[in-house]
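Colleague: can't give you the sequence, but here's the structure:
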């Protein structure tokens, strides 16, 4: 995982998205699906990876949106 990757994770009763290297969540949602969609859109826009964590913090899935030459 690299600086700038987007992580979707569960914390304090909410699903959150945070850009790796950042301190705070960029957005939150009560619903997992909404947070995953928002995280994916952010990762696509930034051309980075999107990492989705399960409720326990383990990695559930990872998808990259980096161009092939990166």
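Modeller: Looks like it came in fine. What you see is a predicted model; the values in this text were computed from it and never measured.

Colleague: residue 49: how many residues sit nearby?
Modeller: By other Cβ atoms under 10 Å, 18 other residues sit near residue 49. Quick note: C-beta positions are derived from backbone N, CA and C, even for glycine.

Colleague: state the distance from it to residue 10.
Modeller: With distances taken as Cβ to Cβ, to the nearest Å, residue 49 is found 19 Å from residue 10.

Colleague: ditto for residue 2
Modeller: For residue 2, the distance to residue 10 (Cβ to Cβ) stands at 22 Å.

Colleague: of those two, who's got more company?
Modeller: residue 10 (15 against 11).

Colleague: check which helix or strand covers the closest residue in space to that one that isn't next to it in sequence.
Modeller: Nearest residue to residue 10 in three dimensions, chain neighbours excluded: residue 55, at 4.7 Å (Cβ to Cβ, 6 or more residues apart in numbering). Per DSSP states H and E: residue 55 is located in neither a helix nor a strand.

Colleague: how confident was the prediction at residue 55?
Modeller: pLDDT for residue 55: 97.

Colleague: right, I'll call it a day here.
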